[in-house]
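> make a model of this:
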Amino acid sequence: MKFLCVAATALATAQAFTTSPAAFTTAPTAPALNNVFTDAVATHRTRRATIVMDGKANAIRDRISTVNNTKKITSAMKLVAAAKVRRAQDSVMATRPFSETLQSVFGGLIQRLGGEAADLPLLTQREVNKVTIVVITGDRGLCGGYNSFMIKKAEARIGELSAQGIESDLILIGKKGASYFKRREHPIRKIYDCTQKPDSKQALAISEEIINSFLSGETDAVELMYTKFVSLIASTPSVRTLVPFSASEISQQGDEVFQLTSSDGDFGVERKELEVAEPQDFPNDMIFEQDPLQIVNSILPLYLNGQILRTLQESVASELASRMQSMQSASDNAAALSKRLSQEYNRARQAAVTQEILEIVTGAQALD
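Numbers count the residues shown, from 1 in each chain. Purely as a prediction, here's the structure:
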């Protein structure tokens with residue numbers, strides 16, 4: 001009798017880790033006892049390493065798979081954003097020679113003309129009764145607080161102007177800002193998309209709208225709100241006056257460029273301060289084919305076009321850097337969640353195996 005009980009126990013233990021629906025039997029029949037050794041050997045040869053789990057463990061396993069897939073997606077999006085940041089950096093560097101030459105020529109002409117340049121319409125300061133605010137946001141989300149910071153900054157500026165009794169309207173660049181302010185009761189002058197590859201054609205359309213609005217008297221000043229690129233983990237919402245221009249600011253303002261670097265798999269940014277371009281020397285006896293005032297008046301729209309293109313590129317770089325940081329945080333959170341779920345999965349698996357062993361022991365004791 002003891003031999004039969006031991007054999008039944010061995011049979012139940014072997015069948016407990018098989019894929020058979022009847023993984024455990026508390027009351028084996030007589031034919032099963034007669035063929036106990038034959039069945040045990042056959043089961044051992046065909047047995048696969050299958051984990052016996054309940055529904056909770058299966059649900060955790062599926063969730064671990066989902067989290068790991070999400071981590072792969074966010075890691076890929078980070079690398080894509082890094083490649084686009086480098087492309088934006090190359091675009092900024094490509095426009096530097098033109099900007100330096102323009103600044104040099106403008107500085108030389110201002111020195112040549114002296115106070116006469118103050119009579120140009122785009123350099124004339126006038127009483128401010130209405131301000132046009134140009135707000136640059138992104139076209140997409142998944143970039144942390146990039147869009148929300150700029151929208152809050154714009155709303156705060158609108159409130160400041162309203163408190164001073166100054167009217168304002170908006171030129172919106174980017175779908176996120178446009179979708180937000182469309183639902184508000186604030187006048188919108190124009191809406192543009194902010195693509196991932198800003199070009200001179202896009203900047204020209206925006207600058208023409210700004211200049212036409214200012215020269216026609218529809219607005220007395222134009223302010224630009226954009227996100228200044230600081231580093232891959234920091235960006236600053238900034239405000240600057242576009243129109244009317246300041247001759248001293250154009251001729252004396254320096255610049256800085258950034259370069260994306262990588263070391264041991266980590267991305268970084270190197271910034272470089274650029275000195276002010278030296279004003280070009282125009283001798284007093286030089287005869288201009290056109291009036292120097294007309295030349296300056298023609299340079300100012302080109303300067304505005306270049307500044308808008310530069311701020312668009314810098315805003316795109318800030319958006320991409322913010323997206324890189326967001327995707328890195330998402331990947332880190334996914335890795336931490338996957339580790340925690342793996343621990344829960346192992347505990348559930350151990351609990352299921354322990355429960356089956358207890359059932360086997362209980363059945364064996366019941367046969368005594």
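> measure residue 341 to residue 73 for me?
17 Å (CB to CB, to the nearest Å). (Each C-beta comes from the backbone N, C-alpha and C, glycine too.)
> looking at these two now, which is surrounded by more residues?
Here residue 341 and residue 73 are compared on neighbour count by other CB atoms under 10 Å; more neighbours surround residue 341, at 18 against 13.
> hmm, that one is touching residue 65, no?
No - the pair residue 341 / residue 65 is not scored as a contact, 9.8 Å apart, by CB atoms under 8 Å.
> doesn't residue 346 make contact with residue 60?
No - the pair residue 60 and residue 346 fails to qualify as a contact (CB under 8 Å) at a distance of 9.4 Å.
> how about low-confidence regions in the stretch 201-350 of the chain?
Where the stretch 201-350 of the chain drops to pLDDT under 70, the residues are 231-234, 247-288.
> what segments of the stretch 51-200 of the chain are helices?
Listed in chain order, the helices of the stretch 51-200 of the chain (DSSP state H, counting those that start in this stretch) span 55-113, 146-163, 175-181, 200-215.
> would you single out the least confident of those helices?
Least confidently modelled of these is helix 55-113, at a mean of 79 by mean pLDDT.
> from the helices of the stretch 51-200 of the chain, which stretch is densest packed?
Mean neighbour count (mean count of other CB atoms under 10 Å) peaks for helix 175-181 among these, with a mean of 19.
> for that one, packing partners?
Under the contact definition 3 or more CB pairs under 8 Å, 6 or more residues apart in numbering; DSSP states H and E, helix 175-181 sits against strand 130-136, helix 146-163, strand 167-173, strand 188-192.
> the third one: which residues count as buried?
It refers to strand 167-173. 168-173 (16 or more other CB atoms under 10 Å).
> looking at the residues you listed, which one is closest to residue 217?
residue 169 (13.7 Å; CB to CB).
> so which of the helices and strands packed on helix 175-181 comes closest to residue 350?
Across the helices and strands packed on helix 175-181, closest to residue 350 is helix 146-163 (CB to CB), at 44.8 Å.
> reformat the helices and strands packed on helix 175-181 as a markdown table; add distance to residue 361.
Below are the helices and strands packed on helix 175-181 laid out as a markdown table (distance: least, CB to CB, whole Å):
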| stretch | distance to residue 361 |
| --- | --- |
| strand 130-136 | 71 |
| helix 146-163 | 60 |
| strand 167-173 | 72 |
| strand 188-192 | 74 |
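> relative to residue 69, which of those is closest?
It is, among those and with distance given as CB to CB, helix 146-163, at 25.6 Å.
> contacts for that closest one next, please.
131, 133, 135-138, 141, 167-168, 170, 174, 176-177, 180-181, 186, 223, 225-227, 235, 237, 239, 318-319, 322-323 (CB atoms under 8 Å, 6 or more residues apart in numbering).
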